[in-house]
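[1] no FASTA, just this:
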């Protein structure tokens, strides 16, 4: 079955939750230090919910697309390749953002999981993004002494944050309160 989807933005999105929107950019940060192989058990997922019949386009940074239609009050699970996780990089510009567009409001959640750890977040539509943010972050270095993890318990786990840009040539200024 083939169909053509039109992705023109609605002018009036008042009355929606701050998490409902027509255009999203999402990304996946590294979840935990290298306890397991990247190909052996990391699960990256995008969950999309809608109240209405929706035509949706997911655009990956390498040009891959998934265009589909969702019925009202349904949930779509998009399994994402581990190649889109921002892993083993620091202070680098990467092109790993995933774009999600629809003709009606959606709610988008991202979930990253592997053995012993999971991260998730509610995506904020691009129209609700601000211009200034404060990151409150701290390394987490607790390991249970009963776990037989070897020298992994001596490796300092860094804290991290990600900046997503929805437009080309976006300029970002980062002011740090501590040395990195």
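    Nice, I can see it. These numbers come from a predicted model, not from an experiment.
[2] residue 46 reaches residue 107, doesn't it?
    No. Between residue 46 and residue 107 there is no contact under C-beta atoms under 8 Å: 11.3 Å. Just so you know, the C-beta spots here come from the backbone N, C-alpha and C atoms, and that holds for glycine as well.
[3] residue 20 and residue 107 touch, don't they?
    Yes. Shown here, residue 20 and residue 107 form a contact pair, counting by C-beta under 8 Å, at 5.5 Å.
[4] can you pull out the low-pLDDT segments for this structure?
    For the chain, the stretches flagged by pLDDT under 70 are 1-14, 32-40, 139-158, 180.
[5] hey, where'd the strands end up in it?
    20-26, 28-29, 43-50, 54-59, 65-70, 74-80, 85-86, 98-114, 117-122 (DSSP state E).
[6] closest one to residue 167 among those?
    Nearest of the strands of the chain to residue 167, taken as C-beta to C-beta: strand 20-26 at 9.5 Å.
[7] please state the offset of the closest one from the chain centre?
    11 Å (C-alpha atoms, centre = their mean, to the nearest Å).
[8] swap in stretch 169-179?
    Remark: stretch 169-179 is offset 20 Å from the chain centroid, using C-alpha atoms, centre = their mean.
[9] again, but for stretch 123-134
    With C-alpha atoms, centre = their mean, you get 13 Å for stretch 123-134.
[10] residues of it that come out buried?
    123, 124, 125, 126 (16 or more other C-beta atoms under 10 Å).
[11] just put those in a markdown table and tack on distance to residue 174.
    As requested, those are exported to a markdown table (distance: C-beta to C-beta, whole Å):
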| residue | distance to residue 174 |
| --- | --- |
| 123 | 21 |
| 124 | 19 |
| 125 | 23 |
| 126 | 20 |
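[12] from those residues, which single one is nearest residue 103?
    The closest of the buried residues of stretch 123-134, once distances to residue 103 are taken by C-beta to C-beta, is residue 125, at 13.8 Å.
[13] the closest one is in contact with residue 21, isn't it?
    Yes. The pair residue 125 and residue 21 passes the contact test of C-beta under 8 Å, sitting 2.3 Å apart.
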